[in-house]
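*Asks:* Sharing a model that was predicted from the sequence below.
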Amino acid sequence: MPEKFLIILYDSSNYPSRVRVKLWRRLRNLGGIYPNFSLCLIPYRKEIEKDVEEILLDSEINKAIIMVSRPLKRKYAKKLFEVFRESRNREYLELLEECEEFLREIKENLEKGNVSEEEAEELENALESLEKWFKEIEAKGHWSAGARRKVRSKLRECKLRLQSFITEALNRKTHRS
């Protein structure tokens, strides 16, 4: 039984079928198979091995294979790094949009005079969710430092605007009393 396997990842979705079929045929002629497995790549860290096994056990899927592998050449590692970077970047950009929405909500509440302790509490909860989301993305790896810095900066802005909103809510409450 072989101890090592080549795992070949390629994206042929934007190519004509003749190119995809040619590649498929040539790899099959080398002994390649195309099992009906979903593919998930996670940057290897020893501490997550147990987590991955538990996740698979919990899923009730009994046909899974876990392998540790490395790209054959540095150029492939660079391409793989870029795939991870793009994925993290998309996550950070989605979070950035949610931060912008949070800031719009604060602005709209101020414009409409909807400034109360209840609204401040709701906004605090929303900001906590955004910060939690940021930590979850960050825990996956620092693949997109530029986008991470933008989101971190936007979260600071959200926190400052929220503090101003809370101050305004407390001031309005004091003036009403």
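*Replies:* Sure thing, it's come through.
*Asks:* What is the helix or strand where residue 174 lies packed up against?
*Replies:* Here residue 174 sits within helix 145-176, counting by DSSP states H and E. With contacts taken as 3 or more CB pairs under 8 Å, 6 or more residues apart in numbering; DSSP states H and E, helix 145-176 sits against helix 74-112, helix 117-139. Just so you know, the C-beta spots here come from the backbone N, C-alpha and C atoms, and that holds for glycine as well.
*Asks:* Which of the helices or strands spans residue 68?
*Replies:* With DSSP H and E as criterion, residue 68 is part of no helix or strand.
*Asks:* What residues of the helix holding residue 174 count as buried?
*Replies:* The neighbour-count check on helix 145-176 (16 or more other CB atoms under 10 Å) flags 147-148, 150-151, 154-155, 158, 161-162, 165-166, 168-169 as buried.
*Asks:* Need these in a markdown table (columns: distance to residue 75 and pLDDT).
*Replies:* Formatted as a markdown table, the buried residues of helix 145-176 follow (distance: CB to CB, whole Å; pLDDT from 0 to 100):
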| residue | distance to residue 75 | pLDDT |
| --- | --- | --- |
| 147 | 24 | 91 |
| 148 | 25 | 93 |
| 150 | 29 | 95 |
| 151 | 30 | 96 |
| 154 | 34 | 98 |
| 155 | 36 | 98 |
| 158 | 40 | 98 |
| 161 | 45 | 98 |
| 162 | 46 | 98 |
| 165 | 50 | 95 |
| 166 | 52 | 95 |
| 168 | 55 | 91 |
| 169 | 56 | 89 |
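*Asks:* List the contacts of stretch 34-45.
*Replies:* Residues from elsewhere that reach stretch 34-45, judged by CB atoms under 8 Å, 6 or more residues apart in numbering: 9, 24, 28, 48, 52, 63-65, 68, 80, 83-84, 141.
*Asks:* what's the closest of the helices and strands packed on helix 145-176 to residue 58?
*Replies:* helix 117-139 (18.9 Å; CB to CB).
*Asks:* Report pLDDT for the residue nearest to the spatial centre of the chain.
*Replies:* Centroid check for the chain by CA atoms, centre = their mean gives residue 91 as the closest residue, at 4.1 Å. The score at residue 91 is 95. That number is its pLDDT.
*Asks:* Does it touch residue 138 like I think?
*Replies:* No. Taking CB atoms under 8 Å as the definition, residue 91 is not a contact partner of residue 138, at 9.9 Å.
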